[in-house]
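Visitor: Need coordinates for the below:
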Amino acid sequence: MTTPFPKILTVALSSAILLAAAVAQEGPRKKKPHAEPDLSKLPPAAKQAGLTYEKDIRPMLDQSCFRCHGKDKHKGDLRLDSLEAVLKGGEDGKVVAPGESAKSPLVVSAAQIDEETAMPPKKKGGPGNGPKPGAPDGPKPPAGPDGKPAQPRGGPPAKPLTADQVGILRAWIDQGAK
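Guide: Next up is the predicted model:
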């Protein structure tokens, strides 16, 4: 009696080759298109003149963005901790269009008018987003050395920029992003 192993192996290998060929033909997966954000929802640009990255923009971004886009972490290969880095952009391209704040992805993300690109990301419900550690029905957070609940890594969640701050960001970009 012969074993069916070679036949099973042949079928498995053939299936794997066909699957690999199908995936290769399909090419890289593209992000599914989503509706363009409603730019009329953007806060207006501030009236302030003479705005600079170092004096006006960096301190705002430090509070809301540097945890994920600073010197230690570069989500999306995007750094916002220097003027040069902001103007360079990230893996999705440039985030600032000097002179055109409404066309700048950084403004759209900071204003949170688009669910998919809002920064910091908006919390979404669904599987895996159950009660937070320490919530009445959630798991107990780990204790620190003093026996009290430890702070989550990185501190409290980042707060989004306010409408006034987005207006300052817009004005800076409209003035040439210097």
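Visitor: Please give the element, helix or strand, for residue 6.
Guide: helix 5-26 (DSSP states H and E).
Visitor: Tell me where the model's unsure across this protein.
Guide: Counting by pLDDT under 70, the chain shows low-confidence ranges at 1-5, 8-34, 124-155.
Visitor: Distance of the nearest residue in space to residue 60 that is not next to it in sequence relative to residue 109?
Guide: The spatial neighbour of residue 60 that comes closest, neighbours along the chain excluded (Cβ to Cβ, 6 or more residues apart in numbering), is residue 165 at 5.1 Å. From N, CA and C alone the C-beta is placed, and that goes for glycine too. Using Cβ to Cβ, to the nearest Å, we find residue 165 at a distance of 13 Å from residue 109.
Visitor: cool, residue 86 as well?
Guide: Counting by Cβ to Cβ, the gap from residue 86 to residue 109 is 12 Å.
Visitor: anything in contact with each of those two?
Guide: Taking Cβ atoms under 8 Å, 6 or more residues apart in numbering as the contact rule, residue 86 and residue 109 both touch residue 95.
Visitor: ok, which stretches of the protein are helices?
Guide: 5-26, 58-64, 66-69, 83-88, 105-111, 163-174 (DSSP state H).
Visitor: ok, residues contacting the fifth one?
Guide: Yep, that's helix 105-111 we're talking about. Outside helix 105-111, the residues within contact range by Cβ under 8 Å, 6+ apart are 37, 39, 41-43, 64, 80, 86, 92-96, 101, 114, 117-119, 160-161, 163, 165-166, 169-170, 173.
Visitor: So which bits of that helix are buried?
Guide: 105-111 (16 or more other Cβ atoms under 10 Å).
Visitor: And the residues you listed, which is closest to residue 49?
Guide: Proximity of these to residue 49 (Cβ to Cβ) peaks at residue 107, which lies at 18.3 Å.
Visitor: what's near enough to touch the residue nearest to that closest one when sequence neighbours are not counted?
Guide: If you skip the residues right next to it in sequence, residue 107 has residue 101 as its closest partner in space, 5.1 Å away by Cβ to Cβ, 6+ apart. Residue 101 is in contact with 42, 45, 107, 169-171, 173-174, counting by Cβ under 8 Å, 6+ apart.
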